[in-house]
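Peer 1: need coordinates for the below:
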Amino acid sequence: MSKIKIVTDSAVDLKAEVLEKYEIVRVPLTIYIDGESYLDAVEISPDEFLERMKNAKELPKSSQPPVGRFLETYNELGKDGSQVISIHMTGKMSGTVRSAEQAAQMSDADVTVIDSCYISKALSFQVVEAAKMAQEGKSVEEIVSRLEEIREQSKLYIVVDTLENLVKGGRIGKAKGFIGALLNIKPILNLDTAELVPVTKVRSHSQVVKFLSNQIAEELKDKEIIKMAMVHAGGPELAAKLRDKVIEMTGFDQIEIETTTPIISTHTGIGAVSIMYWAK
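Peer 2: Coordinates of the predicted model:
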């Protein structure tokens with residue numbers, strides 16, 4: 001029986017059991033570190049990658065999945081007549097969604113490609129909701145409309161300990177103005193209009209916690225929080241402190257913390273922490 005199948009990429013932070021439960025297919029990007037290549041989240045785990053990056057001779061690099069990998073995935077999923085919705089990390093930070101679009105044009109399957117405008121857990125909000133709706137028998141049009149709503153209702157903040165990875169990886173977006181005398185400065189950015197935008201700079205982790213908890217509590221006044229999540233790239237202590245303060249200020253305590261996928265750690269550098277929510 002034909003149905004709708006959901007595809008995403010490895011910039012999504014989702015555990016294997018969730019991917020399996022909702023029958024989500026994750027197409028990996030490739031990570032390059034000290035002359036070796038790995039399929040992201042397939043051949044190297046988040047924690048293994050962080051250890052390798054700490055000791056690497058040069059900054060790791062990444063590349064989007066080739067068009068052929070998407071094409072093979074779409075043709076396989078669509079051979080029984082199923083439709084495919086392929087939801088990907090923001091196109092302003094990666095060519096992944098462009099590869100997916102090219103493959104969709106070449107595929108025999110009926111493929112709809114979506115630029116989520118997000119990464120990590122904020123991408124997962126859309127991916128999991130699409131998969132749930134597909135299992136409920138909703139149409140492609142209904143799912144696409146719902147994803148537009150989720151994008152409008154989502155927000156992502158990130159604090160990095162160093163801008164070196166973002167600058168050298170070309171993922172700095174509108175935050176170029178943050179580059180300069182950044183000794184002991186913790187830049188806080190958000191993923192707004194699908195690219196990184198500077199919000200403020202602070203000098204300590206305690207100021208990170210204070211600023212972000214106040215900012216998020218203010219934004220969420222009179223709103224229903226549907227999901228909130230946190231990830232880090234080797235910054236579990238800061239993540240835990242921020243979560244505790246956000247819970248105290250919002251009353252919302254369903255906030256999981258995970259080590260982020262290698263493709264994100266590659267560009268944020270060690271010590272980064274991100275918090276994101278979906279609220280209406």
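Peer 1: distance check, the closest residue to residue 68 other than its chain neighbours against residue 209.
Peer 2: Distance criterion Cβ to Cβ, 6 or more residues apart in numbering; nearest residue to residue 68, sequence neighbours excluded, is residue 103 at 7.6 Å. Using the backbone N, CA and C atoms, a C-beta is placed for each residue, glycine as well. Look at residue 103 and residue 209: by Cβ to Cβ, to the nearest Å, they are 42 Å apart.
Peer 1: so between those two, which is more surrounded?
Peer 2: residue 103 (25 against 20; other Cβ atoms under 10 Å).
Peer 1: tell me what the strand or helix carrying that one is packed against?
Peer 2: Here residue 103, judged by DSSP states H and E, is contained in helix 96-106. Applying 3 or more Cβ pairs under 8 Å, 6 or more residues apart in numbering; DSSP states H and E, one finds that helix 96-106 contacts strand 4-9, helix 67-78, strand 83-88, strand 110-115.
Peer 1: any chance of these in CSV, with distance to residue 214 and mean pLDDT too?
Peer 2: Below are these laid out as CSV (distance: least, Cβ to Cβ, whole Å; pLDDT from 0 to 100):
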stretch, distance to residue 214, mean pLDDT
strand 4-9, 32, 98
helix 67-78, 42, 98
strand 83-88, 32, 98
strand 110-115, 31, 98
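Peer 1: what sits against residue 74?
Peer 2: When contacts are counted by Cβ atoms under 8 Å, 6 or more residues apart in numbering, residue 74 touches 7, 84, 86, 103-104, 107, 109, 111.
Peer 1: how does it look with 6 Å?
Peer 2: The neighbourhood of residue 74, defined by Cβ atoms under 6 Å, 6 or more residues apart in numbering, consists of 84, 103, 107, 109, 111.
Peer 1: ok, residue 147 to residue 39 distance?
Peer 2: 26 Å.
Peer 1: who's more crowded, the two?
Peer 2: Comparing residue 147 with residue 39 by other Cβ under 10 Å, the one with more neighbours is residue 147, at 21 against 16.
Peer 1: ok, and the closest non-adjacent residue to that one?
Peer 2: Using Cβ to Cβ, 6+ apart, the closest residue to residue 147 is residue 126 (4.9 Å).
Peer 1: separation between that neighbour and residue 118?
Peer 2: Distance from residue 126 to residue 118, by Cβ to Cβ: 7 Å.
Peer 1: what does residue 231 give?
Peer 2: Going from residue 231 to residue 118 by Cβ to Cβ gives 12 Å.
Peer 1: check residue 280 too.
Peer 2: Counting by Cβ to Cβ, the gap from residue 280 to residue 118 is 16 Å.
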